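*Asks:* No sequence on hand, only this structure:
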């Protein structure tokens, strides 16, 4: 980023003496009457959304090189460029994602200060991604939601027909019940979580008897399921489905037979009871992965996909406006999808901000296909050397 700052310091200084130099340096007019260029805006986006640096710190870095850019100015650039240009790529990626047969989803909270509601309220950032078992053309997209309402999920997944892998949140589950085109597969990592918490809660002499607890016995069986699944990690989807039926299904059926045999009234640990209850209530959804070799056993990939946002949130804490939250969803989407496709994030963002403005008068959006992260027409400078 240092080189970008120094370059724009020179341009900024030249502007005071000869505006023609600025125009020569900036053949792409991103934002009228602004010194914003593709490289400068891409550097700001990369700093915030890849490296989790808050805008006020980016402003401080610029100031060290005598380039004065306020937080408000940078936020305005980010939002306007997202809405005007990058949102087009986001929409095209969403169409490609919803054409997949499997999507993984998760969500986390965020706070938007000016969302039209009084007081402090929770907003949500949803994430959707291609199946982690499908290695071709990975897509990771974020969606801002003012609430956790299922309407946000329905809006994003409009046109999707297939299996949705998620936790047992009712908003996801309702799609399985009310939309004949969507089937839900729930997460085995969530199925084991309460049991693990039950063991962690043991203290003193109770730890010595951990091996005799319901929680321990459940975790041993779930571990066996995971071990059998791990052996199928690098096989084709077709072979994975066949071997799941032979090797994994008996373990899953044995686990649920054991769950049904347990009497909650005899169990002291509330967490262990919660674990049994989760498995009983979600049994059908936890078995869906056995029917399709492309459906992962858990939703860990979606949880990992939301993590860059949570890291950023820890640094900047709140989002000022809904427009800012929506812009963040778009840019995080492009950053994480670029990362998953082994692209250099700054170079890719700069390329998008250079090329898209050239097509704003086009009557067709077909040019966007050449700008997607897997396009063979991307410049070599956008690709990492693997």
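*Replies:* Noted; the coordinates are in hand. The model shown is predicted, which means the values in this text are computed figures rather than measured ones.

*Asks:* so residue 175 touches residue 162, yeah?
*Replies:* No - under the criterion of CB atoms under 8 Å, residue 175 is not in contact with residue 162, lying 11.1 Å apart. To be clear about C-beta, it is placed using only N, CA and C from the backbone, and glycine gets the same treatment.

*Asks:* Can you check which residues contact both of these two?
*Replies:* Common contacts of residue 175 and residue 162, defined by CB atoms under 8 Å, 6 or more residues apart in numbering, comprise residue 182.

*Asks:* Setting aside sequence neighbours, what's the nearest residue to residue 161?
*Replies:* With CB to CB, 6 or more residues apart in numbering as the measure, residue 181 is the residue that lies nearest to residue 161, at 4.2 Å, once sequence neighbours are left out.

*Asks:* list the contacts for that neighbour?
*Replies:* Taking CB under 8 Å, 6+ apart, we find residue 181 in contact with 160-162.

*Asks:* Going by neighbour count, which of those are buried?
*Replies:* Burial of the contacts of residue 181 was assessed by neighbour count (16 or more other CB atoms under 10 Å); the buried members are 160, 162.

*Asks:* how about CSV for the contacts of residue 181, with pLDDT, distance to residue 34 and secondary structure added?
*Replies:* As requested, the contacts of residue 181 are exported to CSV (pLDDT from 0 to 100; distance: CB to CB, whole Å; DSSP: H, G, I helix; E, B strand; the rest coil):
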residue, pLDDT, distance to residue 34, secondary structure
160, 97, 38, coil
161, 97, 43, coil
162, 97, 43, strand
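
*Asks:* can you list the contacts of residue 181 in JSON lines and add distance to residue 139?
*Replies:* Formatted as JSON lines, the contacts of residue 181 follow (distance: CB to CB, whole Å):
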{"residue": "160", "distance to residue 139": "12"}
{"residue": "161", "distance to residue 139": "16"}
{"residue": "162", "distance to residue 139": "14"}
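
*Asks:* out of the contacts of residue 181, who's nearest residue 131?
*Replies:* Among these, residue 162 lies closest to residue 131 (CB to CB), at 9.5 Å.

*Asks:* Next, work out how far apart the closest one and residue 179 are.
*Replies:* According to CB to CB, to the nearest Å, residue 162 stands 11 Å off from residue 179.

*Asks:* cool, residue 55 as well?
*Replies:* Here the distance between residue 55 and residue 179 works out to 39 Å (CB to CB).

*Asks:* do residue 105 as well
*Replies:* Computed with CB to CB, the distance linking residue 105 and residue 179 is 14 Å.

*Asks:* of those two, who's got more company?
*Replies:* A side-by-side neighbour count of residue 105 and residue 179, using other CB atoms under 10 Å, places residue 105 first with 26 against 15.

*Asks:* what ranges do the helices span in the stretch 101-250 of the chain?
*Replies:* Remark: helices assigned in the stretch 101-250 of the chain by DSSP state H, counting those that start in this stretch are 150-156, 170-178, 188-200, 214-230, 237-243, 249-261.
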